[in-house]
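> Sequence unavailable; structure follows:
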């Protein structure tokens, strides 16, 4: 966990809320615990949003007073399985 802003980690989607900025997903990541990510066109990569229980890849992590936030997220692919 040297450079969280450069880390690309996987986590499980545990829930969602709607904020003034749009839909937010909560992801449980082993090294960081709960992480939030905004599911807008700037942050989410992929067709269709994630589902609860789905494993996704998050990156660009930044620590805030209320917890970790990922700046980017995308669907888990077979290429991620081999890493």
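It's in. Quantities reported herein were computed from a predicted structural model and do not represent experimental measurements.

> Quick check: beta-bridge partners of the closest residue to residue 21 other than its chain neighbours?
Distances taken as CB to CB, 6 or more residues apart in numbering place residue 38 nearest to residue 21, at 5.8 Å, with adjacent residues excluded. From N, CA and C alone the C-beta is placed, and that goes for glycine too. For residue 38, the beta-bridge partners under DSSP bridges are residue 24.

> And for residue 16?
With DSSP bridges as the rule, residue 16 is bridged to residue 25.

> Contacts only, for residue 82.
Applying CB atoms under 8 Å, 6 or more residues apart in numbering to residue 82 gives no contacts.

> do you know how far the residue nearest to residue 21 is from residue 76?
Between residue 38 and residue 76 the computed distance is 19 Å (CB to CB, to the nearest Å).

> same check, this time on residue 69
As judged by CB to CB, residue 69 and residue 76 stand 19 Å apart.

> picking that back up, residue 38 and residue 76: who's more crowded?
More crowded of residue 38 and residue 76, by other CB atoms under 10 Å: residue 38, with 19 against 16.

> what sits against the residue positioned nearest the centre of the chain?
In the chain, the centroid-proximal residue (CA atoms, centre = their mean) is residue 58; its distance is 3.8 Å. Residue 58 makes contact with 8-11, 27, 29, 35, 37, 70, 72-73, according to CB under 8 Å, 6+ apart.

> In strands, which of these fall?
The members of the contacts of residue 58 that map onto strands under DSSP state E are 8-11, 27, 29, 35, 37, 70, 72-73.

> Pull out the buried members of the residues you listed.
For these, a burial check counting by 16 or more other CB atoms under 10 Å picks out 9, 11, 27, 29, 35, 37, 70, 72-73.

> and which of these is nearest residue 17?
Checking those against residue 17 with CB to CB, the nearest one is residue 37 at 11.6 Å.

> what pLDDT does the closest one get?
pLDDT, residue 37: 97.

> so it touches residue 67, yeah?
No - using CB atoms under 8 Å, residue 37 is not in contact with residue 67; the gap is 11.5 Å.

> Could you dump the contacts of residue 58 into a markdown table with distance to residue 43 added?
Listed next are the contacts of residue 58 as a markdown table, based on distance: CB to CB, whole Å:
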| residue | distance to residue 43 |
| --- | --- |
| 8 | 14 |
| 9 | 15 |
| 10 | 16 |
| 11 | 14 |
| 27 | 12 |
| 29 | 15 |
| 35 | 12 |
| 37 | 6 |
| 70 | 8 |
| 72 | 6 |
| 73 | 6 |
